[in-house]
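In: Pasting the sequence and the predicted model now:
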Amino acid sequence: MEQSSEESIRDLIRKRLASGQLRSTDGMIVNARIDNGACSACELEIEHGESATLGYLYRDSVYHGFHARCVVLWEEERRPGSSCHADHANQ
C-alpha cells in the first residue's frame, strides 16, 4: 500500500463522511471480502494482508471495507465530538 500520512487519511475520511460517501454508522459486521478492492476510507487498493478482518454491510447493499489502519481512523473520526462532527455543528 502506498503510504499516506495519518492526517491526510483523517482529512479524506472527514470529507467522505461529510459528503455521505462514507457512513458514520455501523452496518452489519461481516467478514472482510476476499476481493477487497479499494479502501472505503483512503480509496487506495487493499493488498492481500492489509485489510481489516471485518467489513460493514448496509441494508442497501453498500459495503465498507478498510485497511487495518484506516478502520481505526474511521472509528475515531465518526464519533460524536470528533472534528468531523464539530465541523457539521458549525454549519
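Out: All right, it came through fine.
In: Okay, residue 55 and residue 66: tell me how far apart.
Out: 7 Å (Cβ to Cβ, to the nearest Å). Yep, even glycine has a C-beta here, placed from its N, CA and C like the rest.
In: Oops, could you answer that again for residue 19 instead?
Out: Relative to residue 66, and taking Cβ to Cβ, residue 19 is found at 17 Å.
In: Have a look at these two and say which one is more surrounded.
Out: residue 66 (26 against 8; other Cβ atoms under 10 Å).
In: so what pLDDT did that one get?
Out: If you check residue 66, the pLDDT there is 92.
In: Residue 50 is in contact with that one, correct?
Out: No: using Cβ atoms under 8 Å, residue 66 is not in contact with residue 50; the gap is 9.5 Å.
In: Any regions of the protein where pLDDT drops low?
Out: Residues of the chain that meet the criterion pLDDT under 70 lie in 1-4, 36, 82-91.
In: on contacts alone, who are the packing partners of the helix ranked longest in the chain?
Out: Secondary structure assigned by DSSP state H gives helix 6-19 as the longest helix of the chain. Using 3 or more Cβ pairs under 8 Å, 6 or more residues apart in numbering; DSSP states H and E as the contact definition, the elements that helix 6-19 packs against are helix 68-77, helix 83-89.
In: And it, what's buried?
Out: 9-10, 12-14, 16-17 (16 or more other Cβ atoms under 10 Å).
In: helix or strand right after it?
Out: Proceeding N to C from helix 6-19, the next assigned helix or strand is strand 28-31, under DSSP states H and E.
In: What are the contacting residues of that following strand?
Out: For strand 28-31, contacts defined as Cβ atoms under 8 Å, 6 or more residues apart in numbering pick out 53-58, 63.
In: Could you identify the buried members of the residues you listed?
Out: Taking 16+ other Cβ under 10 Å as the criterion, what is buried in the contacts of strand 28-31 is 55-57, 63.
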